[in-house]
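Participant: Here you go, sequence then predicted model.
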Amino acid sequence: MKKNIILFMFLTIVPYLMCWFFGLFFEQIKIGQGDYQIENHKMHKNVLIEIQGLYKHIDVEEYVLGVLPGVLPADYDDEMLKVQAILIRTNLLKEMEEKGTADAQDLSYTYLTVDEQIELFGKRNYERERKRFEKAVVSTSGLVLRKEGNLIMALYHEVSIGKTVSGKEILGEDISYLQSVDSGKDVEAKHYMTVLEYKYKQLQELAGAKKEEETVEVKIEESTEHGYVTKASVSGTIYSGEEMAKLFQLPSTNFYVEKLEDGVRFVCLGKGNGLGLSQYGGNRMALEGKTYEEIIRYYYKNVSIEECQK
């Protein structure tokens with residue numbers, strides 16, 4: 001009889017205690033660091049956005065979550081996703097503050113709807129990737145970068161030329177937190193070097209030559225210390241480096257030109273403007289075990305990572 005009572009207590013009380021323990025444990029995960037639901041981490045500051053012809057206000061954190069997948073590859077490390085979420089949030093709030101608007105049409109970022117994210121990730125991967133990106137936004141919710149109390153220009157690019165460049169070199173202004181730093185692993189990136197060739201006939205069409213036999217000459221007129229083109233000419237017509245990149249679909253303004261028998265070859269280094277964070281370089285740091293704070297402080301000098309006032 002006594003054995004039966006003990007067995008009964010074992011079969012009823014022990015499972016109850018186990019459920020209580022694991023329930024407490026998992027509840028702590030749910031409420032603590034594991035609470036990665038964006039709904040519980042809103043900034044209570046909205047962006048006005050149009051989706052399928054309807055206007056709605058969405059929280060800044062939700063907006064950051066919709067922007068992030070279009071800015072960074074899904075195969076990048078979780079720490080790098082956190083870095084990028086902070087950069088987007090910083091730039092977004094700075095732009096809203098400076099322009100005095102919360103209308104997404106007036107802001108620089110592109111918000112991806114759920115359907116667009118499904119198309120980007122693929123139906124099979126959407127739920128998994130959505131959770132990863134949401135975790136990155138929630139883990140850094142409210143965090144922004146400041147220098148002397150002001151939101152910084154958290155500039156970034158996809159791949160550097162092996163080092164980032166200073167604000168003075170590209171923008172003509174010495175910005176304390178935008179200094180050149182080594183990013184040597186970038187030379188291993190897929191897009192470190194891009195080569196594009198154009199036949200003379202293509203150049204004539206792009207340059208708007210009036211006669212088919214008109215000679216088209218591409219020449220670099222001015223460039224910065226590290227090879228970023230500031231002025232170039234096409235048959236005497238002057239273009240800025242940005243205009244040249246747009247005209248010839250170049251991934252960066254860091255390029256040189258080689259003459260061919262029947263055209264020219266553009267050899268481009270890096271992808272983007274070379275300012276601030278190199279996304280590829282930052283991801284390599286993350287893969288080596290660096291935290292998002294360490295990555296940020298490496299690429300942006302003497303900035304503070306602060307909680308944004310809600």
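Facilitator: That came through fine.

Participant: quick one: low-confidence parts of the protein?
Facilitator: Low-confidence segments of the chain (pLDDT under 70): 1-36, 209-214, 309-310.

Participant: So residue 226 is in contact with residue 254, correct?
Facilitator: Yes - counting by Cβ atoms under 8 Å, residue 226 touches residue 254, with 7.1 Å between them. (C-beta placed from N, C-alpha, C; glycine too.)

Participant: neighbours of the residue lying closest to residue 187 once chain neighbours are set aside, just the number please.
Facilitator: Among residues not flanking residue 187 along the chain, residue 162 sits closest, at 5.1 Å (Cβ to Cβ, 6 or more residues apart in numbering). Residue 162: 19 surrounding residues under other Cβ atoms under 10 Å.

Participant: any idea how far residue 207 is from residue 162?
Facilitator: Look at residue 162 and residue 207: by Cβ to Cβ, to the nearest Å, they are 31 Å apart.

Participant: got it, and residue 277?
Facilitator: Distance, residue 277 to residue 207, using Cβ to Cβ: 35 Å.

Participant: In terms of neighbours, single out the busier of those two.
Facilitator: residue 277 (25 against 21).

Participant: So which residues of the stretch 1-150 of the chain form strands?
Facilitator: Remark: strands assigned in the stretch 1-150 of the chain by DSSP state E, counting those that start in this stretch are 46-51, 54-59, 143-147, 150-151.

Participant: and the second one, which residues are buried?
Facilitator: If you call a residue buried by 16 or more other Cβ atoms under 10 Å, then strand 54-59 has these buried ones: 58-59.

Participant: Could you tell me the angle between that strand and strand 46-51?
Facilitator: Interaxial angle of strand 54-59 relative to strand 46-51 (axes from the mean of the first three to the mean of the last three Cα atoms, to 10 degrees): 150 degrees.

Participant: Indicate each strand paired with strand 54-59 and its parallel or antiparallel sense.
Facilitator: Strand 54-59 pairs in its sheet with strand 46-51 (antiparallel), by DSSP bridges.

Participant: Name the residues that touch the partner strand?
Facilitator: Contact with strand 46-51 is made by 55-60, 63, 92, 96, 102-105, 107, 111, 113, as judged by Cβ atoms under 8 Å, 6 or more residues apart in numbering.

Participant: Which members of these define the maximum pairwise distance?
Facilitator: The most widely separated members of the contacts of strand 46-51, counting by Cβ to Cβ, are 96 and 113 (20.6 Å).

Participant: since we're on the closest residue in space to residue 253 that isn't next to it in sequence, how many residues are nearby?
Facilitator: Excluding the flanking residues, the one nearest residue 253 by Cβ to Cβ, 6+ apart is residue 241, at 3.6 Å. By other Cβ under 10 Å, the residues close to residue 241 number 24.

Participant: And stretch 47-56, how far out from the chain middle?
Facilitator: The gap between where stretch 47-56 is centred and where its chain is centred comes out at 23 Å by Cα atoms, centre = their mean, to the nearest Å.

Participant: Counting neighbours, which bits of that stretch end up buried?
Facilitator: Of all the residues in stretch 47-56, those buried under the rule 16+ other Cβ under 10 Å are 47-49.

Participant: Likewise for stretch 265-273?
Facilitator: For stretch 265-273, burial by neighbour count (16+ other Cβ under 10 Å) applies to 266, 268-273.

Participant: Over to stretch 69-88?
Facilitator: Quick answer for stretch 69-88 (16+ other Cβ under 10 Å): 69, 71-72, 74, 76-77, 79-88.

Participant: ok, of those, which one's closest to residue 294?
Facilitator: Out of the buried residues of stretch 69-88, the member with the shortest distance to residue 294 (by Cβ to Cβ) is residue 79, at 8.7 Å.

Participant: how near is that closest one to residue 183?
Facilitator: The gap separating residue 79 from residue 183 is 16 Å, by Cβ to Cβ.

Participant: got it, and residue 196?
Facilitator: In terms of Cβ to Cβ, residue 196 sits 23 Å off from residue 183.

Participant: what about the two, which has more around it?
Facilitator: The neighbour comparison of residue 196 against residue 183 (other Cβ under 10 Å) goes to residue 183, with 26 against 14.

Participant: So which of residue 226 and residue 254 has more stuff around it?
Facilitator: residue 254 (25 against 19).

Participant: Centre-most residue in the chain?
Facilitator: residue 71 (4.2 Å; Cα atoms, centre = their mean).
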